[in-house]
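Chemist: sequence first, predicted model second:
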Amino acid sequence: MSKLVSFLYNLARKANDIEKLSSGDPKKIARRIKNKFIGRKISKIWKFPF
């Protein structure tokens with residue numbers, strides 16, 4: 001079950017990326033890239049040390 005949920009979550013994220021790129025709006029694209037970068041940095045800091 002967790003593999004299915006993980007797959008669907010990743011699919012939704014990819015769909016959102018495609019939607020923002022296909023919109024052609026530079027502000028939306030830049031915001032998406034910025035938020036992905038910030039989210040990855042925060043998740044590395046937030047993890048427990050084990």
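Modeler: Okay, I see it. Numbers count the residues shown, from 1 in each chain.

Chemist: can you pull out the low-pLDDT segments for the chain?
Modeler: Low-confidence segments of the chain, defined by pLDDT under 70, span residues 48-50.

Chemist: quick one: contacts for A15?
Modeler: The contact partners of A15, by CB atoms under 8 Å, 6 or more residues apart in numbering, come to none. In this view, the C-beta of every residue, glycine as well, is placed from N, C-alpha and C.

Chemist: next helix or strand past the helix or strand harbouring it?
Modeler: In this assignment (DSSP states H and E), A15 forms part of helix 2-23. On the C-terminal side of helix 2-23, the nearest following helix or strand under DSSP H and E is helix 26-46.

Chemist: so what touches that next one?
Modeler: Contacts to helix 26-46, defined as CB under 8 Å, 6+ apart, come from residues N16, D17, K20, L21, S23.

Chemist: list the residues that contact the second one.
Modeler: When contacts are counted by CB under 8 Å, 6+ apart, D17 touches R32.

Chemist: mind redoing it with 10 Å?
Modeler: Counting by CB atoms under 10 Å, 6 or more residues apart in numbering, D17 makes contact with I29, R32, I33, K36.

Chemist: now the last one
Modeler: Taking CB under 10 Å, 6+ apart as the definition of contact, the neighbours of S23 are I29, R32.

Chemist: check the first one too.
Modeler: Listed by CB under 10 Å, 6+ apart, the contact partners of N16 are R32, K36.

Chemist: same question for the third one.
Modeler: With CB under 10 Å, 6+ apart as the criterion, the residues that contact K20 are K27, K28, I29, A30, R31, R32, I33.

Chemist: let's see 8 Å
Modeler: K20 is in contact with K28, I29, R32, counting by CB under 8 Å, 6+ apart.

Chemist: buried only: go through the residues you listed for me.
Modeler: Neighbour-count burial within those applies to R32; the criterion is 16 or more other CB atoms under 10 Å.
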